[in-house]
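**Student:** Need a 3D model of the sequence below.
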Amino acid sequence: MTASWRYWNPVDIRFGSEAVGALSKEVGGSRYALVTYGEPFFRDLAERLAAAAGPAAIVIDDVLPNPECRHLDAQAQRLWAGNEPVDVILAIGGGSVIDTAKVLAAARDGFDAVMASVRGDADGKDLSALPVVAVPTTAGTGSEVTCWATIWDVVAGEKHSLAHPGLYPRVAIIDPVLMVGKSRDLTRATGLDALSHALESIWNRNANPVSCRHAVFAARMILRDLPKLLDAPDDIALRTSLAEAALGAGLAFSNTKTAIAHNLSYPVTLRHGLPHGIACSFTLPTILGTVISLGGFREDSLQAIFGPDLARGSDRLADSLRGMGVALRFEDYGVGAGDAVDIIDAAFLGQRGRNFIGQKEAFLATAMGDGLI
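**Tutor:** As a prediction, this is how the structure comes out:
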């Protein structure tokens, strides 16, 4: 009996230079909202776009690095309350910008409806889903090809995920030129976020052969080229490589969602302020060390990345991360052993933890052995 599986992604992907020219065709003649950052680089892009396609009906440029629910509520009110409706939301920026755009696209009937959906108080089927055009300016989150967005509640110490099939962006325009010159820290964090997406989509109960092919492509390219890019941030060939890899990782986990590394990361980000890309990657070698005998296409995929000896592959991954300045112990980020065990226990109970195909006992044993805890 053959295995059955399904892969689907509806986003119209455009990859290459001249993003502003493509954007003018997508939003020209429409009433559009622009979600972006308020920095000079993005203001210049907005001005060039306005010259080519007309000005945005409203600009939201106060996006937070981790979009927070109270701030999102205020942004939704600015977009929708008393204003003539927009036809499309254009997001130009990193994953936080694209996530914010998706939340706003779902909040036409009020932000309370969005929160009711993510908290499980409503099924979310009636949420609005305004078209989104996504232009990522970092190579990391893959949000331009997924249908979910992260919402943080800092006061409650919670992270929520908004998911709705109508929130896949209508178009993703990926121009590596827009990524040139980003800082070393941002490049490292976003690149490692993409690596985590790729690997998390493999050791995942929802993995399929197509998602794994995207993941293998992405992980191999990131491990090869991210260290080089950190030393040559203006290299357009390397930026193109990482942009392709981050897209591949996005196409992989768009069908699987993430797994245990992400559930482990959220408390470390919320309580200790660790950037998301670092928080979800410093546990990857330990996780790899617990899944070395998965079998089937998942093990084949990991071996295509790390070689036939996955135990040695885990060591090489650890060396690679250390070489990029990533510490590999909870205590390096201010998390004591007791708190780390509590985080692990909670992570395996969470939705992303349940996506993980490994076992908590094996993970704890490996974590104790390699010094993660």
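**Student:** Was I right to think Gln75 contacts Leu104?
**Tutor:** Yes. Using Cβ atoms under 8 Å, Gln75 makes contact with Leu104 at a distance of 6.3 Å. All C-beta atoms are positioned from the backbone trio N, CA, C, and that covers glycine.
**Student:** Overlap of the contact sets of these two?
**Tutor:** Ile60 (Cβ atoms under 8 Å, 6 or more residues apart in numbering).
**Student:** And the two? Which one has more around it.
**Tutor:** A side-by-side neighbour count of Gln75 and Leu104, using other Cβ atoms under 10 Å, places Leu104 first with 28 against 22.
**Student:** and that one, what does it touch?
**Tutor:** By Cβ under 8 Å, 6+ apart, the neighbours of Leu104 are 33, 35, 60, 72, 75-76, 79, 89, 130.
**Student:** what's the answer for Cys280, then?
**Tutor:** Cys280 makes contact with 192-193, 196, 200, 258, 261-262, 264-265, according to Cβ under 8 Å, 6+ apart.
**Student:** What of Arg170?
**Tutor:** Counting by Cβ under 8 Å, 6+ apart, Arg170 has contacts 11-12, 88, 131-133.
**Student:** Mind checking which of those residues are in strands?
**Tutor:** Within the contacts of Arg170, residues falling in strands by DSSP state E are 12, 88, 132-133.
**Student:** Quick check: the farthest pair among the residues you listed?
**Tutor:** Asp12 and Val88 (13.2 Å; Cβ to Cβ).
**Student:** quick one: which of these two has more around it?
**Tutor:** Neighbours per residue (other Cβ under 10 Å) separate Asp12 from Val88, with Val88 holding more: 18 against 12.
**Student:** which among the contacts of Leu104 gets closest to Gly95?
**Tutor:** Using Cβ to Cβ, the contacts of Leu104 come closest to Gly95 at Val35, 12.1 Å.
**Student:** where's the closest residue to Asn206 other than its chain neighbours relative to Asp62, distance?
**Tutor:** Spatial nearest neighbour of Asn206, excluding adjacent residues (Cβ to Cβ, 6 or more residues apart in numbering): Thr256 at 4.0 Å. Using Cβ to Cβ, to the nearest Å, Thr256 is found at 32 Å from Asp62.
**Student:** So for these two, which sits in the more crowded spot?
**Tutor:** Between Thr256 and Asp62, counting by other Cβ under 10 Å, Thr256 is the more crowded of the two (22 against 14).
**Student:** host element of the more buried one?
**Tutor:** Counting by DSSP states H and E, no helix or strand carries Thr256.
**Student:** For Val114, the count of nearby residues, please.
**Tutor:** By other Cβ under 10 Å, 30 other residues sit near Val114.
**Student:** Could you pull up the residues touching it?
**Tutor:** Counting by Cβ under 8 Å, 6+ apart, Val114 has contacts 72, 76, 103, 106-107, 127, 151, 162.
**Student:** Apply 10 Å and report the result again.
**Tutor:** Residues near Val114 by Cβ atoms under 10 Å, 6 or more residues apart in numbering: 69, 72-73, 76, 102-108, 122, 124, 127-128, 149, 151, 160, 162, 164.
**Student:** Show me these that map onto helices.
**Tutor:** 69, 72-73, 76, 102-106 (DSSP state H).
**Student:** Farthest-apart pair in those, please.
**Tutor:** So, those by Cβ to Cβ: farthest apart are Cys69 and Ala105, at 15.9 Å.
**Student:** of the two, who's got more company?
**Tutor:** Neighbour count, other Cβ under 10 Å: between Cys69 and Ala105, Ala105 has more, with 29 against 19.
**Student:** C-terminal to the strand or helix carrying Ile343, what's the next element?
**Tutor:** Using DSSP H and E, Ile343 sits within helix 337-349. Using DSSP H and E, the helix or strand that follows helix 337-349 towards the C-terminus is helix 351-355.
**Student:** Would you state the helices of the stretch 1-150 of the chain in chain order?
**Tutor:** 19-27, 40-53, 69-80, 95-106, 111-118 (DSSP state H, counting those that start in this stretch).
**Student:** Which among these is found nearest to Thr286?
**Tutor:** Taking the helices of the stretch 1-150 of the chain one by one with Cβ to Cβ, helix 95-106 is closest: 24.6 Å.
**Student:** Now do that closest one and helix 40-53, the angle between them.
**Tutor:** Put simply, helix 95-106 runs at 50 degrees to helix 40-53, going by axes from the mean of the first three to the mean of the last three Cα atoms, to 10 degrees.
**Student:** Please compute how far helix 95-106 lies from its chain's middle.
**Tutor:** 12 Å (Cα atoms, centre = their mean, to the nearest Å).
**Student:** cool, stretch 126-135 as well?
**Tutor:** Relative to its chain's centre, stretch 126-135 lies at 17 Å (Cα atoms, centre = their mean).
**Student:** buried set for it?
**Tutor:** 127-128, 130-135 (16 or more other Cβ atoms under 10 Å).
**Student:** Over to stretch 60-78?
**Tutor:** Quick answer for stretch 60-78 (16+ other Cβ under 10 Å): 60-61, 63, 66-67, 69, 71-73, 75-76, 78.
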